[in-house]
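Engineer: build me a model:
(chains A and B)
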Amino acid sequence: GQQVMQIPQYQHVQEGEDFTTYCNSSTTLSNIQWYKQRPGGHPVFLIQLVKSGEVKKQKRLTFQFGEAKKNSSLHITATQTTDVGTYFCAGREGYSSASKIIFGSGTRLSIRP
Amino acid sequence: SAVISQKPSRDICQRGTSLTIQCQVDSQVTMMFWYRQQPGQSLTLIATANQGSEATYESGFVIDKFPISRPNLTFSTLTVSNMSPEDSSIYLCSVGGGGGRAGGTEAFFGQGTRLTVV
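Structural biologist: Numbering: from 1, shown residues only, chains lettered A, B, ... in the order given. Sure, this is the predicted structure:
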């Protein structure tokens, strides 16, 4: 079945440093979504990428979808303490209304002030 | 967007008992999803609850262990039956996240139910 892996599992950075998490799928995806889960909270949607090679930015966050639509990345520039949490990618394999999203293993980001 | 109310927010239960988790959405939705998230882990889909039909369970999850009700388009329950310590986890209901040619929609989550089985 479809598997979505993320690396690294954990990342501990100094505030102000950059952070990147990588997402890889065993199969070609129709789209990929990114979610952030704060400690003790529930996942919150950040963005969706649909097109091959697509790049989207949200302030300090840059999201990329690979040309083969099997991998994606999230890059945070100059991290802040508010960026703490676990970042999940979630990939969808098909286009039907019944197609499910499969969550990646997540990358937990912690920050030294 | 969707606002989801999930309860209880947490519970401590004795092994062998059952717990029913409720999920209420502020709008009508066709599909509702139930996930399990073990401590420090990712989200694993348990089942998809469709109104008017049996829930669809993912591999490794069965109806006898996780019976689901979906009486209308705004409400669903998940029961964790005959609990053991291995069932200790966070259970989340979700709506949205459906597919489609346009790329699909984002998923909205309830606050989660933190279950501890002792």
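Engineer: for the closest residue to B:Ser81 other than its chain neighbours, give me phi and psi.
Structural biologist: Of all residues not flanking B:Ser81 in the chain, B:Ser18 sits nearest, at 4.6 Å (C-beta to C-beta, 6 or more residues apart in numbering or on different chains). Quick note: C-beta positions are derived from backbone N, CA and C, even for glycine. Torsion angles at B:Ser18 (phi, psi; degrees, to the nearest 10) stand at phi -120, psi 150.
Engineer: so B:Ser18 sits right up against B:Ser84, yeah?
Structural biologist: No - judged on C-beta atoms under 8 Å, B:Ser18 makes no contact with B:Ser84 at a distance of 11.6 Å.
Engineer: circling back to that earlier point, neighbours of the residue nearest to B:Ser81, just the number please.
Structural biologist: Residues near B:Ser18, counting by other C-beta atoms under 10 Å in any protein chain shown, number 12.
Engineer: and A:Ser99, helix, strand or coil?
Structural biologist: Here A:Ser99 is recorded as coil under DSSP: H, G, I helix; E, B strand; the rest coil.
Engineer: give me the pLDDT for the residue nearest to B:Gln14 when sequence neighbours are not counted.
Structural biologist: Leaving aside its sequence neighbours, B:Gln14 sits nearest to B:Val118 (C-beta to C-beta, 6+ apart; 6.4 Å). With respect to pLDDT, B:Val118 scores 97.
Engineer: again, but for B:Ala102
Structural biologist: Note on B:Ala102: pLDDT of 49.
Engineer: the one 5 residues further on too?
Structural biologist: B:Ala107 is assigned a pLDDT of 87 by the prediction.
Engineer: and if you look at the one 5 residues further on?
Structural biologist: Per-residue confidence (pLDDT) for B:Gly112: 96.
Engineer: separation between the residue nearest to B:Asn82 when sequence neighbours are not counted and chain A?
Structural biologist: Nearest non-adjacent residue to B:Asn82, counting by C-beta to C-beta, 6+ apart: B:Gly16, 6.1 Å away. Applying C-beta to the nearest C-beta, to the nearest Å, the value for B:Gly16 to chain A is 28 Å.
Engineer: wait, isn't B:Gly16 in contact with B:Met83?
Structural biologist: Yes - assessed by C-beta under 8 Å, B:Gly16 is found in contact with B:Met83 at 6.8 Å.
Engineer: ok so, going back, now name the helix or strand holding the residue nearest to B:Asn82.
Structural biologist: In this assignment (DSSP states H and E), B:Gly16 forms part of neither any helix nor any strand.
Engineer: residue contacts, it?
Structural biologist: Neighbouring residues of B:Gly16 by C-beta atoms under 8 Å, 6 or more residues apart in numbering or on different chains: B:Asn82, B:Met83, B:Ser84.
Engineer: mark which of these are part of helices, please.
Structural biologist: Nothing among the contacts of B:Gly16 maps onto helices, per DSSP state H.
Engineer: tell me, how many residues neighbour residue 6?
Structural biologist: Since you didn't name a chain, this refers to chain A. Count around A:Gln6 with other C-beta under 10 Å applied: 22.
Engineer: ah, no, chain B please
Structural biologist: When neighbours are defined as other C-beta under 10 Å, B:Gln6 has 22 of them.
Engineer: who are the packing partners of the lowest-mean-pLDDT helix or strand in chain A?
Structural biologist: Using mean pLDDT, DSSP states H and E, the weakest-scoring helix or strand in chain A turns out to be strand A:101-103, at a mean of 89. Contact here means 3 or more C-beta pairs under 8 Å, 6 or more residues apart in numbering or on different chains; DSSP states H and E; on that basis strand A:101-103 packs against strand A:85-92, strand B:43-50.
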